[in-house]
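Compute the structure for the input listed below.
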Amino acid sequence: MADPGRARFTREQLQAFRDARVPDLLAPDLKLLFVGINPGLWTAAVQAHFARRGNRFYPALYRSGLTDRLIDASSGYSPEDLQHLYDRGLGISNLAHRATARADELTPDELLEGAVQLRALVARKRPQVVAFLGITAYRTAFALPKAKVGRQPEPMHEAQVWVLPNPSGLNANVQLPQLAEAFREVGRAAGVIAA
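Sure, this is the predicted structure:
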């Protein structure tokens, strides 16, 4: 069981997780699949998506109504939190699966290959909605340089495709209330939140 707030790593310790992988989190009855850019080093260290404190992913999930409690993944997932995400029909994957300190360490080819792998995952799991977290990586991965944030015109294997702002605390252009509203919108589209 995770013990929130207990995980501590030095910069040197985190470097040992460079290029590590974090398995996808996929509910058995997947309704809404969030797609990040790639795992950070902290995420790789604790094997929990969006684990770095300061990332607004879990606060936005909670404020949007997609979860009924605030999940703290900074030390890994507790079994109860993991089950709650499954019960809600939520999933998390990434365009690129190797951990880096910064997303700009990825090559365009890695993002293009990630798009191919993601299409295969969506074809297998059939979520209602696929929500990408970050417009720049989405544009590169799918060769859509003019894509805008919001619902995309083309589905992916019948799933609605949305692009949302990146929840990283470094993305100062979007505040938590806006992020939560965007999460609420895709939650409604996926049938996780009542319309």
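
what about the nearest residue to residue 125 once chain neighbours are set aside, how many neighbours?
Nearest non-adjacent residue to residue 125, counting by CB to CB, 6 or more residues apart in numbering: residue 30, 4.8 Å away. Bear in mind the C-beta positions are built from the backbone N, C-alpha and C, glycine included. Residue 30 has 24 neighbours, counted by other CB atoms under 10 Å.

can I assume residue 30 is in contact with residue 127?
Yes: with contact defined as CB atoms under 8 Å, residue 30 counts as touching residue 127 (4.6 Å).

Between the two, which contacts overlap?
residue 91 (CB atoms under 8 Å, 6 or more residues apart in numbering).

so what's the residue nearest to residue 125 up against?
The contact partners of residue 30, by CB under 8 Å, 6+ apart, come to 89-91, 125-127.

Could you tell me how far it is located from residue 13?
Distance from residue 30 to residue 13, counting by CB to CB, to the nearest Å: 33 Å.

now do residue 158
Separation of residue 158 from residue 13 (CB to CB) stands at 43 Å.

how about the nearest residue to residue 66, chain neighbours excluded?
Excluding the flanking residues, the one nearest residue 66 by CB to CB, 6+ apart is residue 187, at 4.8 Å.

Report the contact partners of that neighbour.
Counting by CB under 8 Å, 6+ apart, residue 187 touches 32, 64-66, 193.

now the host helix or strand of it: mean pLDDT?
Assigned by DSSP states H and E, residue 187 belongs to helix 176-190. Per-residue pLDDT over helix 176-190 has a mean of 97.

Show me which residues of it are buried.
179-180, 182-190 (16 or more other CB atoms under 10 Å).

Distance from the chain centre to it, please.
Chain-centre distance of helix 176-190: 13 Å, with CA atoms, centre = their mean, to the nearest Å.

least trustworthy helix or strand in the chain by mean pLDDT?
Lowest on mean pLDDT, DSSP states H and E among the helices and strands of the chain sits helix 11-15, with a mean of 89.
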